[in-house]
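**Student:** have a look; sequence and predicted model below, questions after that.
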Amino acid sequence: MEGLIVFLPLMGALSAGLGGRWIGGEGASRLTTSLVALSFTLSLRAFYNIGLGSSTATIYVRPWRVSERYTIEWTFLFDSLTVVRLIVVTAISSLVHLYSTSYREHDPHRARFRAYLSLFTFFRLILVTAGNFVQRFVGWEGVGLCSYLLINFWFTRLQANKAAIKARLVNRVGDVGLVLGRLVIYEAYQSLDYGVVFARTPVRVESYPNTIIIACLLLFVGAVGKSAQLGLHTWLPDAREGPTPVSALIHAATRVTAGVFLLARCSPLFEYAPLALEVVCIVGAATAFFAATTALVQSDLKRVIAYSTCSQLGYRVFAAGLSAYSVAVFHLSNHAFFKALLFLGAGSVIHARGDEQDRRRRGGLVRVLPLTYAAIFIGSIALRGFPFLTGFYSKDVILEIAYGSFTNAGRVAHTLGTLAACCTAYYSRRLLYLTFLSPANGYRRTREGAHDAPLPRALPLILLSFGSIFIGWFTKDRFIGVGTPFWNNALFTHPDRLFRVDAEFLPSWIKLRPVVLSISSGVLALYRFRYGDKYNWWGTGSKRLLFTFLNRKWFFDKVYNENVSQTALNVGYFNTYKDLDRGVFEILGPHGLSSRLWRRTQLVTSRQTGHIYHYGLIRLTGVLLLIGISQFAARTSVSYSVIGIVVGTIFRVIF
């Protein structure tokens, strides 16, 4: 029964992709939505049997590759970590499928779009349920492929082409690290099975301590690429070029969460590599701060939410670097609900305003789109950790653990995380004000006919709103309670790195500081936008320089485009094309290799007369020639090689 959870979305993808011409766009929408919803229902059953029962189930399907040195099997692992991710992935995917039935109702390529969405979900489920590193890589690469197809769904748009290629290439850098890490693990353990690797780690670390650290760092490189951490983050904001439901699925439940899931799944490995954990913590904290400051000045609605995703990913990564894997997974699950709510709400705004995404050309929508405003309002205050909403329970615990670790990396993470929380409150309030509360702005034609979301789009917004309010409160004790047996052996924390106990006894002012600063930052944003100049609020001089620095995304894209990409293009053009292609191949030989090849091609082409009797004569001559050569070689002592040389020379003279 558990296997159906994984393969039901695949059945929907194949039906919509191969049979879309017969069942039509409406039939493909209903079929894929029903199958993903059924997968969600079975995930609830698996959560009840495995998660609440604190048990583990392993399903061996069949051998995949059998060799003398290793055996790789198709294995599905269901434990507490797996079933939690199954519920989140299938729940968000079901709501996105339902939302898309209305959002894409007039698109002639609906069947293809639904096939891509379901295939995306299938590969994410393969990644989550994989029982070894090889099978996980199948899901890892499948998620990357499907995200490329979905970002580039409107393939006639140049920006969509560029964004899809950028996402694919940037992730390739991380994938190289992941492959190398897998090879290092196999060299040290002679196995790629999770159970074997994790069980042998306490013994192997005594003999190969540096090898374990190198393997963890290489695995983290893969997580950096997939989860858009600092350095390999540039693809994520540009991924907004795809349809808005795609952005919700990528940012909330599927692609960007794969790196954090990798860290949690490999916790028995990372716990014996303290140096790697420090690197994870510092990179995650830097990402949270960078993305939050960049989102302060962005004007594109989806770009702001995308940088918000990048910042929240930083929180989860540095929580994993502090060995708080259960808190990282808890925030991963909470974030999925309010981030999907924000993106789907943004889709309703964009759909109502004629595909206009610039917030400076909006305003005054609170009366036109009251339901959408309420949904985005709930999502934004949950995002900034407003007390007793979903984001509050996980985000504040992460900051408390960072402070309670009493390590240098923890203090850096706490400081940068607190500053990022202040920035989050500011840009969340800015998003609400410029989109809904400010005076109406922009072209009149974009306001004519604007209406709130119909029922197929409104229902996912309502359900996600309830999730953004109550999910954290219902699950906090089971997921992050001290001594909870829920996770069983799915997550491992070394006894020397149990910082959560110390975080329980921090002073109250330390625990309240992030909340107070976030509320103060939100109030400051409201004051400035209501009573100040909401567009030219950065002024001139040094403030303007800071605005340019943040608006240009810390110049990461500029450096990459001008120093990395352009250098590679120059090498390809000057060193390969001009020097090798045109310099060697065309000059080689008395008249040039290319001209000689052209003449030979023309000669061979001239022999193609199109007359059957010519081809029959050539075939008969060839057969007789082969018979003659065989008889000649059999009667004499001349070898076949000598005969081949003579015949080849004759043909060369003739042709």
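**Tutor:** That came through, no problem. Numbering: from 1, shown residues only.

**Student:** what's the spatially most central residue of the chain in contact with, if anything?
**Tutor:** Among the residues of the chain, the one closest to the centroid is Arg255, at 2.7 Å (C-alpha atoms, centre = their mean). By C-beta atoms under 8 Å, 6 or more residues apart in numbering, Arg255 lies in contact with Arg124, Val143, Gly144, Ser147, Lys226. C-beta coordinates here come from the backbone N, C-alpha and C atoms, glycine included.

**Student:** ramachandran angles for the fourth one?
**Tutor:** When you say that, I think you mean Ser147. The phi and psi values for Ser147, taken as degrees, to the nearest 10, are phi -70, psi -40.

**Student:** quick check: it touching Phe120?
**Tutor:** Yes: with contact defined as C-beta atoms under 8 Å, Ser147 and Phe120 form a contacting pair (7.0 Å).

**Student:** anything in contact with each of these two?
**Tutor:** Thr254.

**Student:** state the helix or strand in which the nearest residue to Val66 once chain neighbours are set aside lies.
**Tutor:** Once flanking residues are discounted, Val66 sits nearest to Ile72: 8.0 Å by C-beta to C-beta, 6 or more residues apart in numbering. Assigned by DSSP states H and E, Ile72 belongs to strand 71-78.

**Student:** what are the buried residues along that strand?
**Tutor:** For strand 71-78, the neighbour count (16 or more other C-beta atoms under 10 Å) marks Ile72, Glu73, Trp74, Thr75, Phe76, Leu77, Phe78 as buried.

**Student:** ok, so of these, who is nearest Tyr393?
**Tutor:** Phe78 (26.0 Å; C-beta to C-beta).

**Student:** which pLDDT value goes with the closest one?
**Tutor:** On the pLDDT scale, Phe78 is placed at 90.

**Student:** could I have the CA atoms of stretch 111-131 written out in CSV?
**Tutor:** The C-alpha trace of stretch 111-131 is given here as CSV (Å, rounded to 0.1, in the frame of the first residue of the first chain):
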residue,chain,number,x,y,z
ALA,A,111,-2.4,18.5,-20.1
ARG,A,112,1.3,19.0,-20.5
PHE,A,113,1.4,21.3,-17.5
ARG,A,114,-0.4,18.8,-15.3
ALA,A,115,1.9,16.0,-16.4
TYR,A,116,4.9,18.1,-15.4
LEU,A,117,3.4,18.9,-12.0
SER,A,118,2.6,15.2,-11.2
LEU,A,119,6.0,14.1,-12.5
PHE,A,120,7.6,16.7,-10.2
THR,A,121,5.7,15.3,-7.2
PHE,A,122,6.7,11.7,-8.2
PHE,A,123,10.4,12.4,-8.2
ARG,A,124,10.2,14.3,-4.9
LEU,A,125,8.5,11.2,-3.4
ILE,A,126,11.3,9.0,-4.8
LEU,A,127,13.9,11.3,-3.1
VAL,A,128,12.0,11.2,0.2
THR,A,129,11.5,7.4,0.3
ALA,A,130,14.9,6.3,-1.1
GLY,A,131,16.7,3.7,1.0
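
**Student:** measure how far it is from the centre of its chain, please.
**Tutor:** What separates the centre of stretch 111-131 from the centre of its chain is 12 Å, taken as C-alpha atoms, centre = their mean, to the nearest Å.

**Student:** tell me the mean pLDDT for the lengthiest helix in the chain?
**Tutor:** Determined from DSSP state H, the single longest helix within the chain is helix 158-189. Mean pLDDT, helix 158-189: 89.

**Student:** how about that helix: buried residues?
**Tutor:** Going by 16+ other C-beta under 10 Å, helix 158-189 has these buried residues: 160, 163-164, 166-168, 170-171, 174-175, 177-178, 180-182, 184-186, 188-189.

**Student:** just the strands in the protein please.
**Tutor:** For the chain, the strands defined by DSSP state E cover 57-66, 71-78.

**Student:** okay, now the domains of the protein?
**Tutor:** Per automatic domain parsing, the domain ranges recorded for the chain read 1-131, 132-550, 552-606, 613-655.

**Student:** Glu562 and Phe555, how far apart?
**Tutor:** To Phe555, Glu562 is 10 Å away according to C-beta to C-beta, to the nearest Å.

**Student:** I meant to write Leu461 there.
**Tutor:** Look at Leu461 and Phe555: by C-beta to C-beta, they are 37 Å apart.

**Student:** of those two, who's got more company?
**Tutor:** Taking other C-beta atoms under 10 Å, Leu461 and Phe555 do not tie; Leu461 has more neighbours (25 against 11).

**Student:** residue contacts, the nearest residue to Thr418 once chain neighbours are set aside?
**Tutor:** Nearest non-adjacent residue to Thr418, counting by C-beta to C-beta, 6+ apart: Pro514, 5.3 Å away. Applying C-beta under 8 Å, 6+ apart to Pro514 gives the contacts Gly385, Lys395, Asp396, Leu399, Gly417, Thr418, Ala421.
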